[in-house]
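Peer 1: Sharing a sequence plus its predicted fold:
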Amino acid sequence: MLPPSHVAYTWAALALAQDRLDQFKEADYRLVALAALAPDLIDKPLAWAYFYRRYKAAVLFSHTLWSFLLALLMGWRGGPARRVYALAYVGHALVDRIWFFPDTFYWPLRGWRFHAWGKRGSEQEKIGLAYWFAFTRRPELWGWELGGLLAGAWFIWRSRLYRWRNLRRFLLSGRVEPRR
């Protein structure tokens, strides 16, 4: 999934949790976005530097079950204020549907290899072309990205971020205007 969709789905889920469950009212949406992108922010540079050339793998350690369990443990031990960031990190696995890549998700329980991109119809020699090949050869991915676009549009509408005052507050504080 592309980064904007990771952020959009996560922000929409947080907005719903704040509205319907009265949870995570003090969450900083900027940090939530960072947590939602963290697995890719960790793994993609590692893939670019070494793993992709050698193993054709770009989804690595931060996309493993161990990583997600560790994030949940740290979030719960850190108290309520940290839970939202742990959940955003784990939410990355949900929207990536990472369990469909068992060599990575269950690493190292299924061996020491990570999922090689070529096994899912996105063969390429260079990591820079990975998304291009994935999206041109797997049209079902467009549905997930369209969902992210809709989630992002709903979040902007719900938070009234089309108004300068609300957008400025959001950018400077990481918070949205409370719903009335």
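Peer 2: In hand now; what should we look at? Residues are numbered from 1 along each chain as shown.
Peer 1: Run the chain-centre distance for stretch 151-171.
Peer 2: 20 Å (CA atoms, centre = their mean, to the nearest Å).
Peer 1: Give me the residue at the spatial middle of the protein.
Peer 2: His92 (3.4 Å; CA atoms, centre = their mean).
Peer 1: For that one, pull up the helix or strand it's in.
Peer 2: Taking DSSP states H and E as the criterion, His92 maps to helix 80-96.
Peer 1: what sits up against that helix?
Peer 2: By CB atoms under 8 Å, 6 or more residues apart in numbering, the residues outside helix 80-96 that reach it are 1, 5-6, 9-10, 13-14, 17, 23-24, 26-27, 31-33, 35-40, 59, 63, 68, 71-72, 74-76, 78, 99, 105, 144, 148. Bear in mind the C-beta positions are built from the backbone N, C-alpha and C, glycine included.
Peer 1: Which stretches in this protein count as helices?
Peer 2: 3-20, 29-46, 52-55, 65-77, 80-96, 102-105, 130-137, 141-159, 164-173 (DSSP state H).
Peer 1: Lowest average confidence across those, which one?
Peer 2: Per-stretch mean pLDDT for the helices of the chain is lowest at helix 130-137 (a mean of 69).
Peer 1: buried stuff in stretch 48-65?
Peer 2: For stretch 48-65, burial by neighbour count (16 or more other CB atoms under 10 Å) applies to Phe51, Tyr52, Lys56, Ala57, Ala58, Val59, Leu60, Ser62, His63, Thr64, Leu65.
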